[in-house]
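**Student:** A predicted structure for the sequence below; I have some questions about it.
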Amino acid sequence: MDTVNIYRLSFISCLVMAIPSALAVEFNLNVLDKSMRDRIDISLLKEKGGIAPGEYFVSVAVNNNQISNGQKIDWKKNGDQTIPCINDLLVDKFGLKPEVRQSLPRLNQCVDFSSRPEILFIFDQASQQLNITIPQAWLAWHSDNWTPPSTWKEGVAGVLMDYNLFASSYRPQDGSNSTNLNAYGTAGINAGAWRLRSDYQLNQTDSDDNHEQSGEISRTYLFRPLPQLGSKLTLGETDFSSNIFDGFSYTGAALASDDRMLPWELRGYAPQISGIAQTNATVTVSHSGRVIYQKKVPPGPFIIDDLNQSVQGTLDVKVTEEDGRVNNFQVSAASTPFLTRQGQVRYKLAAGQPRPSMSHQTENETFFSNEVSWGMLSNTSLYGGLLISGDDYHSAAMGIGQNMLWLGALSFDVTWASSQFDTQQDERGLSYRFNYSKQVDATNSTISLAAYRFSDRHFHSYANYLDHKYNDNDAQDEKQTISLSVGQPITPLNLNLYANLLHQTWWNADASTTANITAGFNVDIGNWRDISISTSFNTTHYEDKDRDNQIYLSISLPFGNGGRVGYDMQNSSHSTTHRMSWNDTLDERNSWGMSTGLQSDRPDNGAQVSGNYQHLSSAGEWDISGTYAANDYSSVSSSWSGSFTATQYGAAFHRRSSTNEPRLMVSTDGVADIPVQGNLDYTNHFGIAVVPLISSYQPSTVAVNMNDLPDGVTVADNVIKETWIEGAIGYKSLASRSGKDVNVIIRNASGQLPPSVRISARRIAALAWEWLARKDTPG
C-alpha cells in the first residue's frame, strides 16, 4: 500500500470513530486507487464497536477501574471478529486470583481467554479505551478504592524537601520581650523504589537577656516498599513500631507487613487528638521527643485527625498559647484488636541497637524482635512475639483476637519479661492487656477501649528497661493504663458527641488523668440556617498538681456571603473569657477573621482584640495572626508550610505533602498557569506543577480544570488516574499547547485538493479533508 492510501485509510478509521455508533455506515471507496479497492476490507468498521486489525494506543480499564493510561495493543483478525492481543504483563495488572491467572494459557505472544468466555473485551472508540469486564469472584480483591499491586507505580528519581516555618514575637507590658523562630520537616532523595529521608528541626529563641539556638537532624533512614510481599523494608535510624511491645528509637533494620497495601476495608486507623486552645495557639505533637506534627489553631476546641496511621504508643501534646502559656498532656495511639483475615499472616521483624531520643549514638547492646498474627479462623486470630537483647533482656507475648460480630471485636494477650540490671538479680513479671472496639451500625457510633495492667512492679517493657539502665532517674514503672474513645453521631438532631479518656497509674510516680468531651450540632431557627453550637469540657490532672479544668461554649451564625458571626465563652481553673468574633471566607484561597473580648484575670478585665489571615497558594500555605491586650501584652505570629520537589523533568515549590505520602509532578510542555487540581495547584513558569495529598496504594485521580484554562491553551488527556507506592514522586506529561486554533483547507493553483500534504506548523490544529469519505443517504 502506498503512502497516499495509508493516509486515506487511516483517516476513514478516524471518521468512523466520530460518527454516531447507532448508525450503519457505508463508505465511498472511489477515493482509493482501483488497484487497492479489492484488497481492503472495511466491513468491520460498519457496526458498533468495530475496529480494523492493527496496533492501537489505548487506555485500559478493568471493571471501570483504569489500570493503564496508555497501552499499545495489537488487534488481530479471528474469524469474523477482531480481538485484542493481551500480553502477560497487561494480564498481570488485572488482579486475578492465582488459580484464575494460571488457567489462562499463552498462545504465541497473546494470552488465550477462550477458557474464560465470561471475561469480556469491549472497545470504546469515542474514548479510545478498552473496557474489560471480569467476574468479581475471579479477582483477588474487589474494591472501588483499591487496585492490585501489579498496577502500582514506584515513581521517578528526584529530591524533595518538606518544611514548616514558624515565627512569633511576644511583647509584654512588664518583663522581657521574646522572639521565637523554629522549623521542622523532612528532606529526601528517591532512586527507583528506594527512599532516603532525614527529619530535621531548628529552633531559635531570643529575649532581652538570653539567646538560645539549636538545630539537629533527628533521624536518617532508608526504606523501600515491597508490594510483592505486602511489606516495607526500613534501614537506619527509625522508631520501633509494634502492636505488642512498647516503642523506642533504634538504629537497625525492619521488615514489616504494611496494612496500607490492603484495601481500605482491611486497614487500621490513626489516633485522633482533641483539646482546647485559649488563644491563637500552636499545637505540637511529639513521639519520643521528635516533632511529628505542628499546627496553628484558633481559640476554642480543636481536633487533629490527620496523623499518620503508623504512629503508635503514647504521644506528647503541647499547646503553646500566644502569650507564652503552655499546656501539656498525653494521648494514647493504641491500635484496634490485632485481627487478621483467615489464612493470612502479618508479621514484623526488627533488629538493631537502641538509641536515645534525638541522638545518633547507639547503646552498646543489640536486640532482635519478631511478631506475627495468623488468621486461624474467619473471626479468630492468634498472635505473639519475641524480643531478645543479649543475655540481659528477654520478653515473649501471646494473644488471641476475636471478632464477635454484633458484639464487637476484642483481643487479649499476656507478655512475660525478664530483665537483668547490672547490680541486681533478674526481675521478672507479667503484663496483661485487653483491647475492645465496636462499631454500632444502627447508630453509627464507635467505641474503642484499650486497658493495660501490670501484675507486679517487676515487669519491664524493653523501653522501660532501657530507661532504667541508661536514664534511671526519669524511669517510671507503669502499673495500669486505661484509654477510652467514644464517638456518637445523632443524625436527627445533627448532633455529634465525642469523648476521650486516658488514665495512667505508676508504681513509682503519681497518677495522671486526661479527659475530653465534645458535643456539636447544627440547627435552623426561622430564617437562620446552619447555626452551629458546640461545647467542650477538658480536664488534666496530675496527683501532685491542681486539676486543670476547661469549659468551652461556642455559637456561630452565618451572615452574608461566606461570613459568620460568633460568640464563645471559655472558663478555666483561673479565668473566664468572653469573645465576639467575625470570620469570613473571601474565596477558596483566602480567609480572615477578627475578635474582641474580655478575660477576667487580666488587667482592665483582659480587654483584647485579635485578628488572623490565611492564604493558600500553589507554593504553600501562609498564616498570620496577632493580638493586642490592653495594658498587658501584644503578640504577632506567622507560619508558612510548603514543599519543594525536583526531578529530571523539572522542579517546583508546592503545597506541603504529608509525610512520605506520594506526590505527583505534572508537566504541561512549558505552558504556565494551567490548573491541575481544582483551582489550588497551577503550573509554574516552566510548566511544572506538583500535586500533594495523594495517598499511598490508593487510586488517585488528578484532573485539569478545563473551565479555567488561560486563553488559547488546550490540554489533551486531561485526567490522570494512577496508584503510587509510599514516598513516590509520580510523573505525568500532559500534551499541552498555547496559541490560537486555525482551520484551513489546502488547494492547489487550479482549485483542486492535493493528493496528500504534510503539515508541520504546530499552531495549526485541524485539517479538513472534505472529499475523503461521505455518508450515502437515499433520495
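**Tutor:** Okay, I see it.

**Student:** after the strand or helix carrying Lys232 comes which helix or strand?
**Tutor:** Lys232 belongs to strand 231-239 when assigned by DSSP states H and E. Following strand 231-239 in sequence order, the next helix or strand is strand 249-257 (DSSP H and E).

**Student:** Please identify the pairing partners of that next one and their relative orientation?
**Tutor:** Here strand 249-257 is paired, per DSSP bridges, with strand 231-239 (antiparallel), strand 345-354 (antiparallel).

**Student:** Give me the residues contacting the longest one.
**Tutor:** The one in question is strand 345-354. Outside strand 345-354, the residues that touch it by CB atoms under 8 Å, 6 or more residues apart in numbering are 231, 240-243, 248-257, 259, 340, 362-375, 385, 462, 466. The C-beta positions use only the backbone N, C-alpha and C, and glycine is treated the same way.

**Student:** now the spatially most central residue of the chain, nearest residue through space, not along the chain?
**Tutor:** Centroid-nearest residue in the chain: Ser695, 3.6 Å away (criterion: CA atoms, centre = their mean). Sequence neighbours aside, Glu661 is the residue nearest to Ser695 in space, at 6.3 Å (criterion: CB to CB, 6 or more residues apart in numbering).

**Student:** my read: that neighbour touches Ser700, true?
**Tutor:** No: with contact defined as CB atoms under 8 Å, Glu661 does not reach Ser700; the gap is 10.1 Å.

**Student:** residues shared between the contacts of those two?
**Tutor:** Ile694.

**Student:** got the buried residues for the strand holding Lys232?
**Tutor:** Buried residues in strand 231-239, defined by neighbour count with 16 or more other CB atoms under 10 Å: Ser231, Lys232, Leu233, Thr234, Leu235, Gly236, Glu237, Thr238, Asp239.

**Student:** ok, and what's touching that strand?
**Tutor:** Against strand 231-239 from outside (CB under 8 Å, 6+ apart): 219-226, 247-258, 287-288, 290, 347, 355, 360, 726.

**Student:** Export the strands paired with strand 249-257 as CSV, with columns for distance to Ile746 and mean pLDDT.
**Tutor:** Output for the strands paired with strand 249-257, formatted as CSV (distance: least, CB to CB, whole Å; pLDDT from 0 to 100):
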stretch, distance to Ile746, mean pLDDT
strand 231-239, 59, 95
strand 345-354, 66, 94
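
**Student:** Now do stretch 317-327: distance from first to last residue.
**Tutor:** 8 Å (CA to CA, to the nearest Å).

**Student:** repeat for stretch 72-91
**Tutor:** End residues of stretch 72-91 are separated by 14 Å (CA to CA).

**Student:** Now that stretch: average pLDDT?
**Tutor:** Averaging pLDDT along stretch 72-91 yields 88.

**Student:** Next one: the residue nearest to Gln420 when sequence neighbours are not counted relative to Tyr465, how far apart?
**Tutor:** Once flanking residues are discounted, Gln420 sits nearest to Asp392: 4.3 Å by CB to CB, 6+ apart. Note on Asp392: its distance to Tyr465, by CB to CB, to the nearest Å, is 8 Å.

**Student:** ok, now Asp601?
**Tutor:** Distance, Asp601 to Tyr465, using CB to CB: 45 Å.

**Student:** repeat for Trp374
**Tutor:** Noted for Trp374: a distance of 28 Å to Tyr465, by CB to CB.

**Student:** Over to Glu478?
**Tutor:** Here the criterion is CB to CB. By it, Glu478 lies 12 Å from Tyr465.

**Student:** how distant is the longest strand seen in the chain from the center of its chain?
**Tutor:** When the chain is scanned for its longest strand (criterion: DSSP state E), the result is strand 210-226. In terms of CA atoms, centre = their mean, to the nearest Å, the centre of strand 210-226 is found 22 Å from the chain centre.

**Student:** before we move on, what about stretch 546-563?
**Tutor:** How far stretch 546-563 lies from its chain's middle: 29 Å, per CA atoms, centre = their mean.

**Student:** So which bits of that stretch are buried?
**Tutor:** Those would be Asp548, Gln550, Tyr552, Ser554, Ser556, Leu557, for stretch 546-563 by 16+ other CB under 10 Å.

**Student:** next one: stretch 671-689
**Tutor:** Buried positions in stretch 671-689, judged by neighbour count with 16+ other CB under 10 Å: 671-677, 680-684, 687-689.

**Student:** from those residues, which is closest to Val283?
**Tutor:** Nearest to Val283 among the buried residues of stretch 671-689: Leu680, at 23.8 Å, using CB to CB.

**Student:** that older thread, will you turn the buried residues of strand 231-239 into a markdown table that also has distance to Asn508?
**Tutor:** Below are these laid out as a markdown table (distance: CB to CB, whole Å):
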| residue | distance to Asn508 |
| --- | --- |
| Ser231 | 39 |
| Lys232 | 37 |
| Leu233 | 39 |
| Thr234 | 34 |
| Leu235 | 37 |
| Gly236 | 34 |
| Glu237 | 30 |
| Thr238 | 30 |
| Asp239 | 25 |
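
**Student:** Let me know the closest of the residues you listed to Ser485.
**Tutor:** Checking the buried residues of strand 231-239 against Ser485 by CB to CB gives Asp239 as the nearest, at 22.5 Å.

**Student:** List the beta-bridge partners for that closest one.
**Tutor:** For Asp239, the beta-bridge partners are Ser249 (DSSP bridges).

**Student:** And it, how far from Asp681?
**Tutor:** Distance, Asp239 to Asp681, using CB to CB: 32 Å.

**Student:** got the phi/psi numbers for the residue nearest to Gln420?
**Tutor:** Main-chain torsions, Asp392, degrees, to the nearest 10: phi -90, psi -20.

**Student:** With Val100 instead?
**Tutor:** phi -70, psi -40.

**Student:** before we move on, back to that, from the rest of the structure, what touches the longest strand of the chain?
**Tutor:** Here strand 210-226 has contacts from 154, 192-206, 231-238, 249, 255, 258, 261, 289-291, 358, 360, 696, 725-727, using CB under 8 Å, 6+ apart.

**Student:** So for that strand, mean pLDDT?
**Tutor:** Computed over strand 210-226, the average pLDDT equals 93.

**Student:** Given it, what are its sheet partners and their directions?
**Tutor:** Here strand 210-226 is paired, per DSSP bridges, with strand 194-207 (antiparallel), strand 231-239 (antiparallel).

**Student:** Please point out which parts of it sit buried.
**Tutor:** Ser218, Arg219, Thr220, Tyr221, Leu222, Phe223, Arg224, Pro225, Leu226.

**Student:** Distance to Ala511 for those - can I get that in TSV?
**Tutor:** Shown next, in TSV, are those (distance: CB to CB, whole Å):
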residue	distance to Ala511
Ser218	31
Arg219	32
Thr220	38
Tyr221	36
Leu222	41
Phe223	38
Arg224	43
Pro225	42
Leu226	43
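
**Student:** So of these, which two are at opposite extremes in space?
**Tutor:** Taking CB to CB, no two of the buried residues of strand 210-226 sit farther apart than Ser218 and Leu226, at 25.6 Å.

**Student:** in the stretch 401-550 of the chain, which ranges drop under the pLDDT threshold?
**Tutor:** In the predicted model, the stretch 401-550 of the chain carries pLDDT under 70 at residues 405, 439-451, 472-473.

**Student:** That one: strands as residue ranges?
**Tutor:** Taking DSSP state E, counting those that start in this stretch, the strands of the stretch 401-550 of the chain run over residues 409-419, 427-440, 445-454, 478-490, 495-506, 512-525, 528-542, 548-559.

**Student:** Need these in CSV (columns: distance to Asn65).
**Tutor:** CSV is the format used below for the strands of the stretch 401-550 of the chain (distance: least, CB to CB, whole Å):
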stretch, distance to Asn65
strand 409-419, 30
strand 427-440, 27
strand 445-454, 29
strand 478-490, 31
strand 495-506, 33
strand 512-525, 36
strand 528-542, 36
strand 548-559, 40
